[in-house]
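Participant: turn this into a structure:
(one chain, ligands or ions: 2)
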Amino acid sequence: MSLDPIAIEHLLDNLVEKGWYEWPEAISASLCLALLNEVINADEKGQLKKAGIGRGDEQQLNTEVRRDQIRWLTGETEAQAQFLATMALLQQEINRALFMGLFEYEAHYALYQEGDFYKQHLDSFKGQANRMVSTVLYLNPDWQKENGGELVIYAKDGTSVEATIIPSIGKLAVFLSEEIPHEVLPTKLARASIAGWFRCNSSTAQIVNPAH
Ligand SMILES: O=C(O)CCC(=O)C(=O)O
Ligand SMILES: [Fe+2]
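Facilitator: Numbering: from 1, shown residues only. Ligands and ions are numbered 1, 2, ... in the order given. Just a heads-up that it's a prediction; the model follows:
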């Protein structure tokens, strides 16, 4: 397994300059389809759970903010293991170039059913030194613009739109968790993805940082 060095260079430049990067065809369609299959199976077996907002003990359900259903990846299947191994390579590259001290990666499947959305938010708050870099991999083949469900990237002050990203299969959106406000527009078709976060090790003897 390897990552395209030119794409990595673009990714690193863009993370430094703008705080986000849209990487088309980052992950092969065949791996994405295997992962998509897992989401569909998990949904059929009732294994997806309504996602909350906030972390650890402070998790709350708020369907006005967020309507997706999720399941955390464990790495137990070949497809998950392959995806997580690729993210481990990405972690090394980011650490090598940007000295971010990324320490671990957590990721969940997300399924947005027709009408579901996730309003503008940050994935992490400054000072908590926790989630540092967010990734979102899209899994639906043949996604059309008319299907909605775009990821909107805002300027750091949250007011103006910087980019509207179509969730095409194999695309990886990457952005700084504490700095880039973003939103998932309502989708018109079921939309499957894997959202993940590189974290730094902020646990101390007093405060153990919950993994998710
Ligand atoms: O699915 C996406 O495009 C973004 C999801 C997201 O922002 C999140 O799960 O925090
Ligand atoms: Fe997010």
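
Participant: for the rest of this, base every contact and every neighbour count on C-alpha atoms.
Facilitator: Noted.

Participant: alongside ligand 1, which residues does this structure contribute?
Facilitator: Residues of the chain lying near ligand 1 by CA under 6 Å from any ligand atom: Asp123, Val136, Leu151, Val184, Ala195.

Participant: what would these look like in CSV with distance to Ala34?
Facilitator: Shown next, in CSV, are those (distance: CA to CA, whole Å):
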residue, distance to Ala34
Asp123, 27
Val136, 16
Leu151, 23
Val184, 23
Ala195, 16
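
Participant: next step: those restricted to strands.
Facilitator: Judged by DSSP state E, these include Val136, Leu151, Val184, Ala195 as members of strands.

Participant: out of the residues of the chain next to ligand 1, which are buried?
Facilitator: Using 16 or more other CA atoms under 10 Å as the burial test, these include Asp123, Val136, Leu151, Val184, Ala195 as buried.

Participant: buried residues in the biggest helix by length in the chain?
Facilitator: The longest helix of the chain (DSSP state H) is helix 78-98. By 16+ other CA under 10 Å, the buried positions in helix 78-98 come out as Ala79, Gln80, Phe83, Leu84, Thr86, Met87, Ala88, Leu90, Gln91, Gln92, Glu93, Ile94.

Participant: just stretch 192-204 next, same as before
Facilitator: Quick answer for stretch 192-204 (16+ other CA under 10 Å): Ala192, Ser193, Ile194, Ala195, Gly196, Trp197, Phe198, Arg199, Cys200.

Participant: before we move on, back to that, rank the buried ones among the residues of the chain next to ligand 1 by pLDDT and give me only the lowest.
Facilitator: The lowest pLDDT within those belongs to Asp123, which sits at 95.
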